[in-house]
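A.B. asks: requesting a structural model of the entry that follows:
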Amino acid sequence: AHSNSMSSPLPLINQICIVTGATRGIGKGIAIGLGEAGATVYITGRTAVSPPSSTPGSATAFDAGCSLAATKAAVEAAGGKCIAVQLDHADDDAVEKFFERVDSETGGRIDLLVNNVYAGVSAIFDSVKTPFWEKPVGHWDTIANVGLRSHYVATVHAARIMAKRADSTGSPPIVANISSWGGFLSIFDVAYGAGKAAVDRLAADAAAPLRKIGVASVSMYPGLVKTEFMDANVMDSFGTSARYTAESPVYTGRVLAAMLADRERVLKRDSGKVVVV
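C.D. replies: The predicted model follows:
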């Protein structure tokens, strides 16, 4: 068994983590939470540096201060190491090259892959009151491509690396897919719900073959999270208390840090299941 525990000052020191889609929101929070525990975190995203500040309350106000550079600084301020890689997860060739880079730089080590990247947030809220049959058919692709499909692609590449080190460290890696209660309940629209249910199924169906190489696979349901987008655009619609009861984006990162520090139990007890944050 490994010697790490969350009681040690930096339980994840020298652990290699990947968080996709980490320029903002839950992805950024996860990266910071892992950094607090001393992890080395590879982060991906399309925005290298922060765009100019937007008009407060505008649909793009949440973009201000959201970038790979900002997340990297926050992770390092929290105590971790961070390698920021500008990457469009719609580009399969670029994604493959990214994992080749990680493989080369880490000696083939990945302790945690967090599949978080998601390009559908604005599309969901821009059309939340529109019946699905009145939306363009391409709405499905906006919701599912950089999201569900990207999670599958990243898992494939990560598993190829993880398989080469199967059982060599005695510390099972984890693949964590960020899903939502929309995989279980009807939320937002048809494409969103179907996509999140499929993310859960991806985690479940990947669990059996990954278990053979000592890798855990889980789906994760954060609660209502106070991300930049939610705070700027829709938090008030959840009621006056939402701003005070919503989870911090970092909370999910701290949960994942605890899971990684107890990874043998995660493999035995949680793999193939939904973990409610």
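A.B. asks: would you map the helices across the stretch 51-200 of the chain?
C.D. replies: Taking DSSP state H, counting those that start in this stretch as the criterion, the stretch 51-200 of the chain contains helices spanning 68-78, 92-106, 121-126, 139-144, 150-164, 190-211.
A.B. asks: among these, which is nearest V250?
C.D. replies: Proximity to V250 (Cβ to Cβ) singles out helix 68-78 among these, at 8.5 Å. (C-beta placed from N, C-alpha, C; glycine too.)
A.B. asks: and the closest one, how far from the chain's centre?
C.D. replies: Centre-to-centre, helix 68-78 and its host chain are 16 Å apart (Cα atoms, centre = their mean, to the nearest Å).
A.B. asks: swap in stretch 208-225?
C.D. replies: 12 Å.
A.B. asks: could I get the average pLDDT for stretch 38-54?
C.D. replies: Here stretch 38-54 scores 85 as its mean pLDDT.
A.B. asks: export it as CSV, just CAs?
C.D. replies: The C-alpha coordinates for stretch 38-54 follow below in CSV (Å, rounded to 0.1, in the frame of the first residue of the first chain):
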residue,chain,number,x,y,z
GLY,A,38,1.3,19.2,-3.7
ALA,A,39,0.4,17.5,-7.0
THR,A,40,2.0,18.3,-10.3
VAL,A,41,-0.9,19.3,-12.5
TYR,A,42,-1.1,19.4,-16.3
ILE,A,43,-3.9,21.7,-17.3
THR,A,44,-5.4,22.2,-20.7
GLY,A,45,-7.6,24.9,-22.3
ARG,A,46,-7.9,27.1,-25.3
THR,A,47,-7.3,30.5,-23.6
ALA,A,48,-3.6,31.1,-22.8
VAL,A,49,-4.0,34.5,-21.2
SER,A,50,-7.0,36.3,-19.7
PRO,A,51,-9.2,38.3,-22.1
PRO,A,52,-10.0,41.9,-21.3
SER,A,53,-12.6,42.4,-18.6
SER,A,54,-16.2,42.4,-19.9
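A.B. asks: quick revisit: and of the helices of the stretch 51-200 of the chain, who's closest to N115?
C.D. replies: Across the helices of the stretch 51-200 of the chain, N115 has its closest neighbour in helix 150-164 (3.8 Å, Cβ to Cβ).
A.B. asks: next, the angle helix 92-106 makes with that closest one.
C.D. replies: Orientation of helix 150-164 against helix 92-106 (axes from the mean of the first three to the mean of the last three Cα atoms, to 10 degrees) gives an angle of 30 degrees.
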